[in-house]
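Asks: Could you look at this predicted model? Sequence included:
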Amino acid sequence: MAHHTNLRTSFRILCATLALAVASVLLAGCKEPLPPEAEGRTIVHVWSGWTGDEEGYFSGLLGLFNESQSEYWAVNTSTIEDDTRIIRALTAGTPPDVFLFWNPANVGVVAKLGCIRPLDERFAASTLRREDFIEGALEFPTIDGKLYAVPFLVDVLGLFYDKQLFIEAGLDPERPPKTFDQLIEYTKILTRFEDGKLRRMGFEEALNRHEALALLGAEFYDAEGRPQFDHPSCIQAVDRLVQLYEIQGGGQEIAAFRAGFGEYTSPNHQFFVHKIAMYTVGQWWPYCIQKYSPGIDYAVAPFPSDVHANGMTFMGGNFMCLAREAANPDGGWAFIRWSQTVEAQLAFCKVMNGMPNIRQALESPEIRTGERMWVMFGKLADIALKAKATFFPPTEISAQYASEIATATQYAVRGTKSPEQACQDAQARLMKAWKDRQE
């Protein structure tokens, strides 16, 4: 639809113009000469991980913030997807004012180190209200009862499915699976073998194993914040993943099948060539489909759940923190607060294909109508509004926990260990790591 195309084009022109202005500030070390519009304003240093076009889009967003008021001038620096640059700056006492981690789980690491400011008082004093946010958006960055970050768009996973393959298999394309048993049944029906080899996957899991297990019902921590990967919910989630693998030939067969296709964002992705019937992926997928396989007939639904009537989704995204030793905390908060306006959420959504975390923005027809990718994006917006949100809690051992999950599930799906043994072995190492961090 021309409406969306014009908005995106106009914003990209603004991004390019402002990126040049920002570059001049960076080259000058944020000293003279500043862009004329920055004269007399306090500089707000923002660090983010984006590179290339996306870095330009984010700098353009900062430009919109700069235009919205006359007190602050925000400047972006890319960490080039390297969170260690932020952590080093924080621990050295030379941080930016505001930053966004590439891996949001790192919020838990720096919160425990005391390197970032709790935002509860500033949040309460603002016009923001928790009910303005979708479920999970503020629960994720709440650590030990304190709010340590605020999202600027989130990632929301849904179950994408190939309607043509549903029809060919005798399934109603308007009735996706709603429970785990139905997911198993549909996977059996949709999976195809030829000459003993897997030729089509009925179901493909999320990109990261902790996401897959969360959607399958795993509860990773107990009420006191201790890891509990040997909890029955985690063992059951791993067992469910193993069941989905066994239906499709097992871990080694699936690995060989995956190896025969192109990169994740390429025309040869399995979903684009009808080799995956159901796929757990996020709100960026309608854009990828429009770019690489515009003719495919598909739909998206919440992830099946035995407990939640509206299904489930996994939430990640971009979470902004305010450094404890920020030179300009008031300016940093001003930018964070502005990012929660409907204007900012929609502008960033249109160029980055991230999901707004503010309910009012999610309900806007600007991201629900027009081209098919936006209509399907609107379906994911409904999932964000209605489905039960789960996430991987950010803690000081999140990185090791995610790694242990990946290793344990690999043992399980390959049949090297039982789900119970794989979980128990990982839990022993996780508890040691957790106890070491408490000392």
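Replies: Alright, I've got the coordinates. Residues are numbered from 1 along each chain as shown.
Asks: Quick one: residues contacting Met320.
Replies: 98-100, 149-152, 335-336, 339 (C-beta atoms under 8 Å, 6 or more residues apart in numbering). C-beta: built from backbone N, CA, C; applies to glycine.
Asks: swap that for Cys423, please
Replies: Contacts of Cys423 by C-beta under 8 Å, 6+ apart are 229-230, 234-235, 238, 408.
Asks: tell me which residues in whichever strand or helix holds Gln360 are buried?
Replies: If you go by DSSP states H and E, Gln360 is part of helix 359-362. Buried residues in helix 359-362, counted by 16 or more other C-beta atoms under 10 Å: 359, 361-362.
Asks: for Lys350, helix, strand, or coil?
Replies: helix (DSSP: H, G, I helix; E, B strand; the rest coil).
Asks: what about it, how many neighbours?
Replies: By other C-beta atoms under 10 Å, 20 other residues sit near Lys350.
Asks: you'd agree it is up against Ser364?
Replies: No: at 10.4 Å, Lys350 does not count as touching Ser364 under the criterion of C-beta atoms under 8 Å.
Asks: For the helix or strand where Trp47 lies, which strands pair with it and how are they oriented?
Replies: Per DSSP H and E: Trp47 is located in strand 42-48. Applying DSSP bridges, strand 42-48 is found paired with strand 72-78 (parallel), strand 98-100 (parallel).
Asks: about what we covered before: ok, the contacts of Cys423 vs Gly196, which is closest?
Replies: Val238 (26.5 Å; C-beta to C-beta).
Asks: mind listing what the closest one touches?
Replies: 213, 218, 408-409, 412, 419, 422-423.
Asks: can you list these in JSON lines and add pLDDT, distance to Ala327 and secondary structure?
Replies: Listed next are the contacts of Val238 as JSON lines, based on pLDDT from 0 to 100; distance: C-beta to C-beta, whole Å; DSSP: H, G, I helix; E, B strand; the rest coil:
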{"residue": "Leu213", "pLDDT": "98", "distance to Ala327": "41", "secondary structure": "helix"}
{"residue": "Ala218", "pLDDT": "98", "distance to Ala327": "41", "secondary structure": "coil"}
{"residue": "Ala408", "pLDDT": "98", "distance to Ala327": "43", "secondary structure": "helix"}
{"residue": "Thr409", "pLDDT": "98", "distance to Ala327": "44", "secondary structure": "helix"}
{"residue": "Ala412", "pLDDT": "98", "distance to Ala327": "49", "secondary structure": "helix"}
{"residue": "Pro419", "pLDDT": "98", "distance to Ala327": "50", "secondary structure": "helix"}
{"residue": "Ala422", "pLDDT": "98", "distance to Ala327": "47", "secondary structure": "helix"}
{"residue": "Cys423", "pLDDT": "98", "distance to Ala327": "45", "secondary structure": "helix"}
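Asks: which of those residues tops the neighbour count?
Replies: Most surrounded of the contacts of Val238: other C-beta under 10 Å gives Cys423, at 31 neighbours.
Asks: how far out from the middle of the chain is the strand holding Trp47?
Replies: How far strand 42-48 lies from its chain's middle: 23 Å, per C-alpha atoms, centre = their mean, to the nearest Å.
Asks: Which strands or helices does the first helix or strand past it going along the chain pack on?
Replies: Remark: after strand 42-48, the chain's next helix or strand is helix 52-68, criterion DSSP H and E. If contacts are counted by 3 or more C-beta pairs under 8 Å, 6 or more residues apart in numbering; DSSP states H and E, helix 52-68 sits against helix 2-27, strand 42-48, strand 72-78, helix 329-339, helix 342-352.
Asks: Tell me where the stretch 201-350 of the chain has strands.
Replies: With strands called from DSSP state E, counting those that start in this stretch, the stretch 201-350 of the chain shows them at 276-282, 298-301, 312-322.
Asks: typo on my end, the stretch 51-200 of the chain
Replies: Going by DSSP E, counting those that start in this stretch, the stretch 51-200 of the chain shows strands at 72-78, 98-100, 142-143, 146-147, 150-162, 192-194, 197-204.
Asks: OK, contacts around the residue nearest to Trp285 when sequence neighbours are not counted?
Replies: Once flanking residues are discounted, Trp285 sits nearest to Phe160: 5.8 Å by C-beta to C-beta, 6 or more residues apart in numbering. If you count contacts by C-beta under 8 Å, 6+ apart, Phe160 has them with 271, 278-281, 285, 298-300.
Asks: Is it possible to get TSV of the buried residues of helix 359-362 that adds distance to Asp330 and pLDDT?
Replies: Shown next, in TSV, are the buried residues of helix 359-362 (distance: C-beta to C-beta, whole Å; pLDDT from 0 to 100):
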residue	distance to Asp330	pLDDT
Arg359	27	98
Ala361	25	98
Leu362	29	98
